[in-house]
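Peer 1: Sequence first, predicted coordinates after that:
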Amino acid sequence: MTVQDNGSPMSRPLTKQDFEALARFRFGIRRYLRFSEEAVRGHGLTPQQYQLLLALKGFPGREWATVGELAERLQLRHHSTVELVNRAQGQELVDRAAHPDDARVVRVVLTPQGEQVLGELSALHRDELSRMRSVLAPPLWQEPG
């Protein structure tokens, strides 16, 4: 018995086409990640730094985040996120700012330089995703029966 992504059992075994679709999707993901790593390194950043900048800019509802929130978004431990923020701050990509209402909270914000490099890299990523649309489309599973 196989298991669907939502946890419910499927009654039919995987077909050759299912395996081909999974392999094509996995290949597309890996190809996109390789593109991303090379593009980011070409701009003098590590992939983790790009992910940090993207998590900051893409944080829901505001233009800043706490280290704890970034750790959750990046799925990193708190101390690893602190080191990542420290390195990005050393490159003048992010800055820390006190929260106006709570002195215990430190905001991490993008600097103008961070905004610029993130904009350039994100445009490249958007264009690559557009080119790879067919390869990165998740497989469509047919319901049994």
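Peer 2: Received the coordinates, thanks.

Peer 1: Quick one: the strands in this protein, in order.
Peer 2: In the chain, the segments counted as strands under DSSP state E are 2-3, 9-10, 64-65, 94-98, 106-110.

Peer 1: ok, residues contacting the last one?
Peer 2: I take that to be strand 106-110. 53, 56-57, 63-67, 70, 85, 93-99, 118 (C-beta atoms under 8 Å, 6 or more residues apart in numbering). The way it works is simple: take the backbone N, C-alpha and C, and place the C-beta from them, glycine included.

Peer 1: Just the CA atoms of it, as PDB, please.
Peer 2: Provided in PDB are the C-alpha atoms of strand 106-110 (Å, rounded to 0.1, in the frame of the first residue of the first chain):
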ATOM      1  CA  VAL A 106      15.600  43.400  18.600                       C
ATOM      2  CA  ARG A 107      14.400  43.900  15.100                       C
ATOM      3  CA  VAL A 108      16.500  42.600  12.200                       C
ATOM      4  CA  VAL A 109      16.000  44.800   9.100                       C
ATOM      5  CA  LEU A 110      17.400  45.000   5.600                       C
END
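
Peer 1: mind checking how far the biggest helix by length in the chain is from the chain centre?
Peer 2: Criterion DSSP state H: the longest helix present in the chain is helix 16-42. Here helix 16-42 shows a centroid-to-chain-centroid distance of 14 Å under the convention C-alpha atoms, centre = their mean, to the nearest Å.

Peer 1: Out of the helices and strands in the protein, which is least certain?
Peer 2: strand 2-3 (a mean of 48; mean pLDDT, DSSP states H and E).

Peer 1: Nearest the middle, which residue of the protein would you pick?
Peer 2: The centre of the chain sits closest to Gln51, judged by C-alpha atoms, centre = their mean, with a distance of 5.4 Å.

Peer 1: list the contacts for the closest residue to that one other than its chain neighbours?
Peer 2: Using C-beta to C-beta, 6 or more residues apart in numbering and skipping the chain neighbours, the partner closest in space to Gln51 is Leu74 (5.9 Å). Neighbouring residues of Leu74 by C-beta under 8 Å, 6+ apart: 48, 51-52, 55, 81, 84.
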